[in-house]
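[1] Predicted coordinates and the sequence they were generated for:
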Amino acid sequence: MNRETIPYSQFTFTLPVGVVDGEGNLHRQGVMRRATGHDEIWVSKDPQTQDNPAYGIISLLSRVITHLGGFSSVTPELLEQLFLTDFIYLREFYTQINPSEVEGIALGEFWATPWNNCTKR
């Protein structure tokens, strides 16, 4: 497998507003990686997500954002400080790099297709 056949797994982004740290520094640049099945499983087991399902996106983003400005780690608590504009931006960015369709086939279709009579496998 060569470089051209391996899908990119990390993407840079710039927040529209940014996060201000305790010293007054603005942080806007970051890196997000593609999500894995393990990320989805981890989020579903997260106690905060179980208590409040809407919190799942914050937990998920904290796992897939590998770098944000000068912060040493990206935690759910850090993401809770985002301005709404930045939060919406990150949700949309996540959706762009983790599309719900792969090569024209909706996710879930693979599992919904019975093995017998299937000529695409």
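    Structure received.
[2] For residue 56, grab phi and psi.
    phi -60, psi -40 (degrees, to the nearest 10).
[3] so it makes contact with residue 46?
    Yes. Counting by C-beta atoms under 8 Å, residue 46 is a contact partner of residue 56 at 7.3 Å. Yep, even glycine has a C-beta here, placed from its N, CA and C like the rest.
[4] Buried residues, stretch 83-93. List them.
    Under the neighbour-count criterion of 16 or more other C-beta atoms under 10 Å, stretch 83-93 has 86-87, 89-90, 93 buried.
[5] How about residue 83, nearest residue that isn't a chain neighbour?
    Closest residue to residue 83 apart from its sequence neighbours, by C-beta to C-beta, 6 or more residues apart in numbering: residue 17 at 4.6 Å.
[6] That neighbour sits in which helix or strand?
    For residue 17, the host element (DSSP states H and E) is strand 10-20.
[7] quick one, the helix or strand just after that strand and strand 10-20 angle?
    Using DSSP H and E, the helix or strand that follows strand 10-20 towards the C-terminus is strand 26-33. If you take axes from the mean of the first three to the mean of the last three C-alpha atoms, to 10 degrees, strand 26-33 sits at 150 degrees to strand 10-20.
[8] top helix in this structure by residue count?
    As assigned by DSSP state H, the longest helix anywhere in the chain is helix 84-97.
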